[in-house]
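Visitor: here is the input, now give the coordinates:
(2 chains)
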Amino acid sequence: GNSVTQMEGPVTLSEEAFLTINCTYTATGYPSLFWYVQYPGEGLQLLLKATKADDKGSNKGFEATYRKETTSFHLEKGSVQVSDSAVYFCALSDTGNTPLVFGKGTRLSVIA
Amino acid sequence: GAGVSQSPSNKVTEKGKDVELRCDPISGHTALYWYRQSLGQGLEFLIYFQGNSAPDKSGLPSDRFSAERTGGSVSTLTIQRTQQEDSAVYLCASSFVAGGQGDTQYFGPGTRLTVL
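Guide: Numbering: from 1, shown residues only, chains lettered A, B, ... in the order given. Reported below is the predicted structural model:
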């Protein structure tokens, strides 16, 4: 079956540091890939998505590129801020209208 | 426009009682999903409704769990004879589906269920 594996947290970074959160997937076919973010005390929000190979999703300074050859969708940000502290979830959907399969989440803490 | 709403935001119940959780999806969204978020299990899919098709119940953990969607809009998740392991945050999401291809799933704030 489909699955998503993302790096274990927690991750603690200083402000303005470079962030990478690794995500790899196993799926049949060509899934859509997503990063969702959950800020403290809030619900899940879509951060970015990519629907086909080599697509790059980007939002709020975060980027992730759909790499079919390595089945990866790593999240990156060049300079993190304290306000980026949250839990980040990588997810996939078979066709875009099937249930999401989530990774276990990575907690990021950014300190000033 | 309005997002996905869920009620109640918090529910505390005693073991063995039944509970109902409600979800109001975004207007016009034909697909509705229920997920569960717990410390031990992460985010798990429970059940999926799409239009008038039979729901996909493959994620329901036991026959104590059921859900319905009335009029293609509001959905209710019912847990009968609650157990302590049912304690979790129950999340609802909706999306627009056209031509068999779905769009982004938008999540509600969740209902935190605590079973004493």
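
Visitor: near chain A, which residues of chain B show up?
Guide: Residues of chain B lying near chain A by CB under 8 Å from any CB of the partner chain: B:31, B:33, B:35, B:42-43, B:45, B:48, B:50, B:56, B:59, B:91, B:93, B:95, B:97, B:100-110. Bear in mind the C-beta positions are built from the backbone N, C-alpha and C, glycine included.

Visitor: of the residues you listed, grab the buried ones for ChimeraX.
Guide: Of the residues of chain B next to chain A, the buried ones can be selected in ChimeraX as follows, counting by 16 or more other CB atoms under 10 Å in any protein chain shown:
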select /B:31,33,35,43,45,48,50,56,59,91,93,95,97,102,103,104,105,106,107,108,109,110
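
Visitor: narrow the residues of chain B next to chain A to those in strands?
Guide: Residues of these located in strands (DSSP state E): B:31, B:33, B:35, B:42-43, B:45, B:48, B:50, B:91, B:93, B:95, B:97, B:101-102, B:106-107.

Visitor: may I ask which two of these are separated the most?
Guide: B:42 and B:101 (26.5 Å; CB to CB).

Visitor: enumerate every residue touching the closest residue to residue A:99 other than its chain neighbours.
Guide: By the measure of CB to CB, 6 or more residues apart in numbering or on different chains, the closest residue to residue A:99 outside its immediate chain neighbours is residue B:45, 4.0 Å from it. Contact partners of residue B:45, counting by CB atoms under 8 Å, 6 or more residues apart in numbering or on different chains, are A:99-101, B:33-35, B:58-59.

Visitor: in JSON lines: these, plus distance to residue A:45 and pLDDT.
Guide: Converted to JSON lines, those look like this (distance: CB to CB, whole Å; pLDDT from 0 to 100):
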{"residue": "A:99", "distance to residue A:45": "18", "pLDDT": "88"}
{"residue": "A:100", "distance to residue A:45": "13", "pLDDT": "91"}
{"residue": "A:101", "distance to residue A:45": "18", "pLDDT": "93"}
{"residue": "B:33", "distance to residue A:45": "16", "pLDDT": "95"}
{"residue": "B:34", "distance to residue A:45": "18", "pLDDT": "97"}
{"residue": "B:35", "distance to residue A:45": "14", "pLDDT": "97"}
{"residue": "B:58", "distance to residue A:45": "26", "pLDDT": "92"}
{"residue": "B:59", "distance to residue A:45": "22", "pLDDT": "93"}
